[in-house]
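Student: Quick one: sequence plus predicted model below, questions after.
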Amino acid sequence: MSHRSPSVTPAVSVLIPAWNAVRHLPAALDGLLSQTFQDWEAVVVDDGSQDETPALLAAYAARDARIRPLHVEHGGIVHALNHGLLHVRGRHVARMDADDTCHPERLALQCHALDNAPHLGLVASRVTFGGDAAQCGGFVRYVDWTNSLLCHEDIALGRFRESPLVHPSVMFRRELIDRFGPYANGPFPEDYELWLRWLEAGVRMEKLPEHLLVWNDPPGRLTRTHDNYAEAGFVALRTRYLARWLCAHNPQHPDVWVIGAGKASRRRARPLCEHGIRIRAWVDIDPHKIGNIVEGLPVVGREAMPAPGQGFMLAFLAGHGAAEELELFLHGAGYLPGQDYLLAS
C-alpha cells in the first residue's frame, strides 16, 4: 500500500523515460522520494524495457502512488517523452533521466522560481558532472560552459554554440507544450530542437545558480551512441534556426563575416548560404592563411573587420579556449554580442 495519496493535480510532474534502466533507476527514484517538496508525481515511461525495469517500477509504485509507471512498445526517447506528456497532470513538468539523481531541494527551488516569475516559461539549474572527468574532458568543458549561462540573455545568445540547457535539469510550464508543441522526432537532438523552437517563439528561460542535478555519463548515453546526436544533424538543425535569427536580428542582413577560416569553421558556416546568408570574407589570425582566397572569398586579419555597427560577424571556432579569447578581443574593441557578432560552433 502507498504511504501517500497522490494529488489529482500535483504542482509538478517529473517526466522520466526509462529503457533497460534497472541498474540506475533506483537512485533516481530514491532522489525524488527524498525531496523536501511533496506535491509531485513521477510519470515514468518504460520504453519497452527487456530487463527488470517494469517489475522495479511496480515495486516503487506500490510504495508510493505518486510514482506512475506507463508502458509503451520500444520506440525511442521522443516517443516515450511525448507519450508521457499526454499523461502528466502537473502545472509544471520537470525532466529527469533514469540515470541521474537530483538534490533534495530541486523541485522546491524550481517550482518556487516559476510560481514567482510569471514571465518565465522554463527554469533550469546548474548540474554536477557525474562521469569520469579524466576520460571525458569534452563533457566536463560542456558542463562548465552551460553552468555559466544563468540569465535569459546569455542562454539565448549561447544557443547557437551548443545546447544551452542540460535536458534533465529543466522544469517548464506544461502550457508550453499546448502552445508550441511537444518534442519533434527527426535526425537531430530532440531537446536542442525544443529549446531553439521555444526561444524563437519568445519563451524566456533562466537557470538557478544551485547545482540541483548530478548529470551522470554512462557509456551508453544517447548523446554518445545515437545517430540523432551526430554532428551533421546538429549542424543542420542549428543552421536552420540561426539563418532565421540572422534574418530577424542582423542589421546587415544577409551579409556576414565569418571568423574562422579553417576547414571545420567553413564546413559549419557554408550551409548558411543555402538559406540566403551571404559570407563576405573569412577572418583569421593565422598569417599563413591571411591574404589567400578560399572558396572564392578572401581571408583577412582581424584588423580588416568592419567597425562596430558596420558589419556582423559570426564566429565558428572549435579550439578549446578560442571563443573565450575572441570574446575578450571583441569586447575590448567595442563589439557587442547579438548586435555586432554571435558565437556559433
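Tutor: Received it, and whenever you're ready, just let me know what you need.

Student: Residue 152 against residue 207, yeah?
Tutor: No. Using C-beta atoms under 8 Å, residue 152 is not in contact with residue 207; the gap is 9.1 Å. No exception for glycine: its C-beta is placed from N, CA and C like everyone else's.

Student: ok, the two, which is more surrounded?
Tutor: Counted by other C-beta atoms under 10 Å, residue 152 and residue 207 do not tie: residue 207 has more neighbours, with 27 against 18.

Student: Give the pairing partners of the host helix or strand of residue 281; include direction for each.
Tutor: Per DSSP states H and E: residue 281 is located in strand 278-283. Take DSSP bridges as the rule and strand 278-283 pairs in its sheet with strand 255-259 (parallel), strand 297-300 (parallel).

Student: List the buried residues for that strand?
Tutor: Of the residues in strand 278-283, 279, 280, 281, 282, 283 count as buried by neighbour count, 16 or more other C-beta atoms under 10 Å.

Student: Give me the phi and psi for the closest residue to residue 88 other than its chain neighbours.
Tutor: The spatial neighbour of residue 88 that comes closest, neighbours along the chain excluded (C-beta to C-beta, 6 or more residues apart in numbering), is residue 13 at 3.6 Å. For residue 13, the backbone dihedrals (degrees, to the nearest 10) come out as phi -110, psi 120.

Student: Contact partners for the residue nearest to residue 177 when sequence neighbours are not counted?
Tutor: Once flanking residues are discounted, residue 177 sits nearest to residue 85: 5.6 Å by C-beta to C-beta, 6+ apart. Residues near residue 85 by C-beta atoms under 8 Å, 6 or more residues apart in numbering: 15, 93, 177, 182, 183.

Student: now, which of those lie within strands?
Tutor: Of the contacts of residue 85, the ones assigned to strands by DSSP state E are 15, 93.

Student: Format the contacts of residue 85 as TSV; extra columns: distance to residue 332.
Tutor: Below are those laid out as TSV (distance: C-beta to C-beta, whole Å):
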residue	distance to residue 332
15	44
93	42
177	43
182	44
183	41
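
Student: Now do the helices in the stretch 151-300 of the chain.
Tutor: Remark: helices assigned in the stretch 151-300 of the chain by DSSP state H, counting those that start in this stretch are 152-158, 175-180, 190-200, 222-225, 231-249, 263-269.

Student: quick one: average pLDDT of the fourth one?
Tutor: The predicted model assigns helix 222-225 a mean pLDDT of 52.

Student: for the strands paired with strand 278-283, which one sits closest to residue 342?
Tutor: strand 255-259 (8.9 Å; C-beta to C-beta).

Student: Please enumerate residues in contact with the closest one?
Tutor: 246, 250, 265-266, 269, 272, 277-284, 305-306, 311-317, 326, 341.

Student: same thing but 7 Å
Tutor: Strand 255-259 is contacted from outside by 246, 250, 265, 269, 277-283, 305-306, 311-317, 326, using C-beta atoms under 7 Å, 6 or more residues apart in numbering.

Student: Can you tell me which of those residues are classed as buried?
Tutor: 246, 250, 265, 269, 277, 279-283, 305-306, 311-317, 326.

Student: quick check: domain ranges of the chain?
Tutor: 12-229, 251-344 (automatic domain parsing).

Student: Out of those, which is the most enclosed?
Tutor: Most buried of the domains of the chain, by mean neighbour count (mean count of other C-beta atoms under 10 Å): domain 12-229, with a mean of 18.

Student: Any idea how far it is from the middle of the chain?
Tutor: Centroid displacement of domain 12-229 relative to its chain, using C-alpha atoms, centre = their mean, to the nearest Å, is 10 Å.

Student: Could you give the average pLDDT over stretch 138-150?
Tutor: Per-residue scores along stretch 138-150 average to 94.

Student: got the CA positions of it in PDB?
Tutor: Extracted in PDB, the C-alpha atoms of stretch 138-150 (Å, rounded to 0.1, in the frame of the first residue of the first chain):
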ATOM      1  CA  GLY A 138      34.700  17.400 -23.600                       C
ATOM      2  CA  PHE A 139      31.700  16.700 -21.500                       C
ATOM      3  CA  VAL A 140      33.300  18.400 -18.500                       C
ATOM      4  CA  ARG A 141      34.000  21.600 -20.600                       C
ATOM      5  CA  TYR A 142      30.400  21.500 -21.800                       C
ATOM      6  CA  VAL A 143      29.100  21.300 -18.300                       C
ATOM      7  CA  ASP A 144      31.300  24.200 -17.200                       C
ATOM      8  CA  TRP A 145      30.100  26.200 -20.200                       C
ATOM      9  CA  THR A 146      26.400  25.600 -19.700                       C
ATOM     10  CA  ASN A 147      26.700  26.200 -16.000                       C
ATOM     11  CA  SER A 148      28.000  29.700 -16.900                       C
ATOM     12  CA  LEU A 149      24.700  30.600 -18.600                       C
ATOM     13  CA  LEU A 150      22.300  31.800 -16.000                       C
END
